[in-house]
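Asker: give me coordinates for this.
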Amino acid sequence: MNERPPKSNFKRRIWEIVFEAETTAGKWFDITLLWMIVASVTVVMLETVDGVNENYELPLLIAEWTFTVIFTIEYLLRVWLTRRTWKYVFSFFGIVDFLSCIPTFLGLLPLFNTGHSLRVVRVLRLLRMFRVLKMVHHVRGA
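Answerer: From the prediction side, this is the model:
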């Protein structure tokens with residue numbers, strides 16, 4: 001998406017962490033993101049098990065909101081850091097990133113507050129793994 005990092009030192013440092021898998025910080029960012037995606041999808045799956053959801057509804061809700069806030073911050077960082085903002089926003093992974101965050105927020109609205117209706121959309125977070133793994137593939141290829 002970005003061929004060159006931003007000119008500002010602060011923005012360039014953040015860009016390297018988010019987009020450069022070759023740096024130590026970038027690798028840690030990607031690994032952390034992968035584990036968070038797996039944990040997030042696990043939470044979504046646990047919410048579908050009635051006994052688990054009944055007994056652990058509050059911790060699962062807290063976990064879901066925590067992941068949603070973190071993924072939203074990551075999405076907004078990517079939007080802020082890219083030179084061609086709209087190109088990222090309407091790219092495949094930009095849309096996947098947006099769609100993986102929005103169901104939790106839509107659940108706050110009475111129209112969408114039907115409980116289980118938007119859980120399936122949150123599983124789109126798995127597609128985010130492909131972006132991270134694609135970066136790792138490029139590092140090995142180099």
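
Asker: ok, which stretches of this protein are helices?
Answerer: 9-19, 24-47, 50-55, 57-81, 85-89, 92-106, 119-122, 125-141 (DSSP state H).

Asker: would a markdown table of the ones you listed with mean pLDDT and mean neighbour count be doable?
Answerer: Just so you know, the C-beta spots here come from the backbone N, C-alpha and C atoms, and that holds for glycine as well. What follows is the helices of the chain, written out as a markdown table (pLDDT from 0 to 100; neighbours: other Cβ atoms under 10 Å):
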| stretch | mean pLDDT | mean neighbour count |
| --- | --- | --- |
| helix 9-19 | 89 | 16 |
| helix 24-47 | 89 | 16 |
| helix 50-55 | 89 | 10 |
| helix 57-81 | 92 | 16 |
| helix 85-89 | 91 | 14 |
| helix 92-106 | 84 | 18 |
| helix 119-122 | 66 | 17 |
| helix 125-141 | 60 | 14 |
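
Asker: spatially central residue for the chain, please.
Answerer: Against the mean C-alpha coordinate of the chain, by Cα atoms, centre = their mean, the closest residue is residue 71 at 3.8 Å.

Asker: how about the nearest residue to it once chain neighbours are set aside, what does it touch?
Answerer: Once flanking residues are discounted, residue 71 sits nearest to residue 101: 5.2 Å by Cβ to Cβ, 6 or more residues apart in numbering. Residues in contact with residue 101 (Cβ atoms under 8 Å, 6 or more residues apart in numbering) are 68, 71-72, 75.

Asker: change it to 10 Å
Answerer: Neighbouring residues of residue 101 by Cβ atoms under 10 Å, 6 or more residues apart in numbering: 67-76, 121-122, 124-125.

Asker: re earlier: right, and the residue nearest to the centre of the chain touches residue 32 too?
Answerer: No - assessed by Cβ atoms under 10 Å, residue 71 is found out of contact with residue 32, at 11.9 Å.

Asker: please report how far residue 86 lies from residue 80.
Answerer: Per Cβ to Cβ, to the nearest Å, residue 86 is found 13 Å from residue 80.
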